[in-house]
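Novice: Coordinates for the following, if possible.
(one chain, ligands or ions: 1)
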Amino acid sequence: MAVNQYEREKIIERTNDGLVQVARSGKYPYGGKMMYGYRRSQDNTLVIVTKEKEVIQSIYHQFINHTKLEDISKMLNITHNKSKFTTTFIRRILTNERYTGKLTYKKEVYKAIVPAIITKEEYDAAQKILNKKIRKKSNYLFAGKIYCSCGNIMTCTHGTNHLGNKYHYYQCKPCKSIISENKIIIQIDSRELEITNFDNTLIALEREYKNYTMKLSKIKKKYVLGAYNPEQYIILTTPLYNEQKKILQQKKALLAAGRVLTIGQIAKNNRKDYIDKVIAFITIPPNNLTEIRIKTK
Ligand SMILES: [Zn+2]
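Specialist: Numbering: from 1, shown residues only. Have a look, this model is predicted:
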């Protein structure tokens, strides 16, 4: 078993090196589904698909001019008579730096692999607007989850302490009750919430891993039959091996953390995701005299 794992790691390392060579030769090093706007030519270079290019440019132009994602989506679905332009799709287009012609691969920047569809200025302008929106939305860890004992949802607000640091709190205006985000975190962590979806998460990871194994064996079969050359084979399989590697790491982290995880143990960037998965809502007692009530999912 140990030898197998070692050999697999070696293969991944070798193919990753091989892919850097692919990129250095001006070819697109990623396998799988081609990103919107391009098609792969026979020799693995990228070619712009004109109709898709027009959609991408239109998305950027509308967004930079402050059209909402939902409205861009509606507009595109009408003009293109399709329903595939979801807000998720549009967001993905708006955050893909490769459309500026810049491709970062294994820490190296390539400017001759992806033909540009938009300018760097347009991309930066879009990021500026997106970041503002994200910050507004995800700043508060418990947004929409904190209820006052009177039944009102508590609103997010912030203040500055004597050290000049910003802190978050939640308040019920009619009752004038207030609780700080830190206090909520401390109380949750003292409770050692059971992660009810621990087993499901584990099963899901294992299923995902198996799916990749199946995909890999399909590609291998085709390769053996001569459907791909070695370079194509590497391009197709490496992302899948890398995904499997990621899944193994996630599984390891999950098993190490165990069924009990505190918010304090989680990296700041991942806290909101975790809270969204585990906590349904929290009720704050009047005047904070007793402990908060936590309803898990
Ligand atoms: Zn209240």
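Novice: how close does Asp276 sit to the ion?
Specialist: Computed as Cβ to the ion, to the nearest Å, the Asp276 to the ion distance reads 24 Å. C-betas here are computed from N, CA, C, even on glycine.
Novice: Reduced to three states, what does that residue come out as?
Specialist: helix (DSSP: H, G, I helix; E, B strand; the rest coil).
Novice: Give me the pLDDT value at it.
Specialist: The model reports Asp276 with a pLDDT of 78.
Novice: Can you report how many residues lie near it?
Specialist: Other residues lying near Asp276 total 16 when counted by other Cβ atoms under 10 Å.
Novice: what do you get for Leu141?
Specialist: Neighbours of Leu141 (other Cβ under 10 Å): 20.
Novice: Could you double-check that Ile292 lies in contact with Ile184?
Specialist: Yes. Counting by Cβ atoms under 8 Å, Ile184 is a contact partner of Ile292 at 6.5 Å.
Novice: Can you pull the residues that touch both of those two?
Specialist: Ile282 (Cβ atoms under 8 Å, 6 or more residues apart in numbering).
Novice: more neighbours, those two?
Specialist: Each of Ile292 and Ile184 has its neighbours counted (other Cβ under 10 Å); Ile184 has more, 24 against 18.
Novice: got a list of contacts for the helix or strand containing the more buried one?
Specialist: In the assignment (DSSP states H and E), Ile184 maps to helix 181-191. With contacts defined as Cβ under 8 Å, 6+ apart, helix 181-191 is touched by 140-142, 146, 167-170, 262-264, 279, 282, 288, 291-292, 294.
Novice: do the same with stretch 52-61
Specialist: Residues outside stretch 52-61 that contact it (Cβ under 8 Å, 6+ apart) are 36-38, 72, 76, 80, 85, 90, 93-94, 99, 117-118, 122-123, 126.
Novice: Just the buried residues of these.
Specialist: 36-38, 72, 76, 85, 90, 93-94, 99, 117-118, 122-123, 126 (16 or more other Cβ atoms under 10 Å).
Novice: Up against the ion, what does the stretch 1-150 of the chain have?
Specialist: By Cβ under 5 Å from the ion, the residues of the stretch 1-150 of the chain that approach the ion are Cys148, Cys150.
Novice: Now compare the buried ones among the contacts of stretch 52-61 and name the two farthest from each other.
Specialist: Tyr38 and Ile72 (20.6 Å; Cβ to Cβ).
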